[in-house]
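Asks: Show me how the following folds:
(2 chains)
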Number of protein chains: 2
Amino acid sequence: MEENIRAIQDEYPDDFAWCYGCGRLNEEGYHFQTYWNGDRTETVYEPREEHIAIPGFVYGGLIGALVDCHGTGSASLALHRKNGYEPGSGESPPRFVTGSLHVDFLKPTPQKVSLKAIGTVEEIHPKKWKVTTEVFAGDTLCAKGEVIAVVMPATFAQPK
Amino acid sequence: MEENIRAIQDEYPDDFAWCYGCGRLNEEGYHFQTYWNGDRTETVYEPREEHIAIPGFVYGGLIGALVDCHGTGSASLALHRKNGYEPGSGESPPRFVTGSLHVDFLKPTPQKVSLKAIGTVEEIHPKKWKVTTEVFAGDTLCAKGEVIAVVMPATFAQPK
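Replies: As a prediction, the model looks like this:
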């Protein structure tokens, strides 16, 4: 149980842990953390005070960023599990990039409430996974998202 | 000519100028500014040093945010023009919210290069506009986006 709540972002190799959305080494970033809850994935985040669209409501770009990193993290969890590993196993998980991002904004998202992204992961190709996400503010479904996540190509994997 | 390069975000009423992406009054935000270039719209932005996916490449969530605010700003410019006004005319422009956001990431986006979003706006309903956007890093087309922007509903327009 405890192993299952380890976030996949804690397992990325250091060279790939700088993402503004979810990199543990990016001091300015959001530090999204994505983990299994049964066969669904979860990312919880409380937006900062400045993350507003208008006062009282969360900025859509933050929700897009949450859906994005939750998507790549979920795909990494799923392929890692397919390969026989869970976070905490000591194996580096595969790192994904975003092929496409789609968000439908269903309701204004209230500020000062934790957001929870809940994802369903589906393999559509060995290197391409679809992550369907619902974003809740408390009990209210505020947005639905879809990410096509692609195993990071070699052209990307050239950190300075 | 000079009037046409005024950004629509400079014309939003103060109550609606707090967006993290494009609000001139949000001290922490990106301050995206969207203006006409002929019959296309433009937003130029240089990502901050911390806005990375991995070192050397821009974080996709920043590109999503750029497409998002560029979309609502472009729709505002277009409806304002339809109503007979340009930025600088002294009339407050209509404020839009994002109904949906889609981004296709075509190429890794290099860091330390100005990004330019170029938009085409189409009315699909008097209160709903489609903005198709290309995001360039220098001369390289890195992403394509589509925003469905909706005139801000009354439920949103209750600033604290």
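Asks: Can you tell me who residue A:54 pairs with across the strands?
Replies: Here residue A:54 sits in beta bridges with residue A:57, as judged by DSSP bridges.
Asks: Pull the number of nearby residues for it.
Replies: Residues lying near residue A:54 (other CB atoms under 10 Å in any protein chain shown) number 23. All C-beta spots, glycine's among them, are computed from the backbone N, C-alpha and C.
Asks: Quick check, it in contact with residue B:15.
Replies: Yes: at 7.0 Å, residue A:54 and residue B:15 qualify as touching, with contact defined as CB atoms under 8 Å.
Asks: Farthest from the middle of chain A: give me that residue.
Replies: residue A:55 (25.6 Å; CA atoms, centre = their mean).
Asks: if I read this right, residue A:101 contacts residue B:68, doesn't it?
Replies: No: at 10.4 Å, residue A:101 and residue B:68 do not qualify as touching, with contact defined as CB under 8 Å.
Asks: got the contact list for stretch A:36-43?
Replies: A:4-5, A:32-35, A:66, A:69-70, A:73-74, A:77-78, A:81, A:86-87, A:116-121, A:131 (CB atoms under 8 Å, 6 or more residues apart in numbering or on different chains).
Asks: hmm, which of these are the buried ones?
Replies: With burial judged by 16 or more other CB atoms under 10 Å in any protein chain shown, the buried subset of these is A:32-35, A:66, A:69-70, A:73-74, A:77-78, A:81, A:86-87, A:116-119, A:121, A:131.
Asks: coming back round to it: same for chain B: which of the contacts of stretch A:36-43 are within range?
Replies: residue A:69 (CB under 8 Å from any CB of the partner chain).
Asks: The contacts of stretch A:36-43 in helices, which ones?
Replies: Residues from those lying in helices, with DSSP state H as the criterion: A:66, A:69-70, A:73-74, A:77-78, A:81.
Asks: Kindly indicate which of those lies nearest chain B.
Replies: residue A:69 (6.8 Å; CB to the nearest CB).
Asks: which ones are touching the closest one?
Replies: Residue A:69 neighbours (CB under 8 Å, 6+ apart): A:19, A:21-22, A:30, A:32, A:34, A:43, B:61.
Asks: make it 7 Å
Replies: A:19, A:21-22, A:32, B:61 (CB atoms under 7 Å, 6 or more residues apart in numbering or on different chains).
Asks: swap in residue A:26?
Replies: Contact partners of residue A:26, counting by CB under 7 Å, 6+ apart, are A:18-20, B:50.
Asks: next one: residue A:18
Replies: Here residue A:18 is in contact with A:25-26, B:52, B:54-55 (CB under 7 Å, 6+ apart).
Asks: hang on, the earlier thing: out of the contacts of residue A:26, who's nearest residue B:127?
Replies: Checking the contacts of residue A:26 against residue B:127 by CB to CB gives residue A:20 as the nearest, at 33.6 Å.
Asks: what stretches of chain A score poorly on pLDDT?
Replies: A:1-4, A:155-160 (pLDDT under 70).
Asks: how about the residues of it near chain B?
Replies: For chain A, the contact set with chain B under CB under 7 Å from any CB of the partner chain comprises A:15-16, A:18-21, A:26, A:28-29, A:50-57, A:59-62, A:64-65, A:68-69, A:98-105, A:108, A:155-156, A:159-160.
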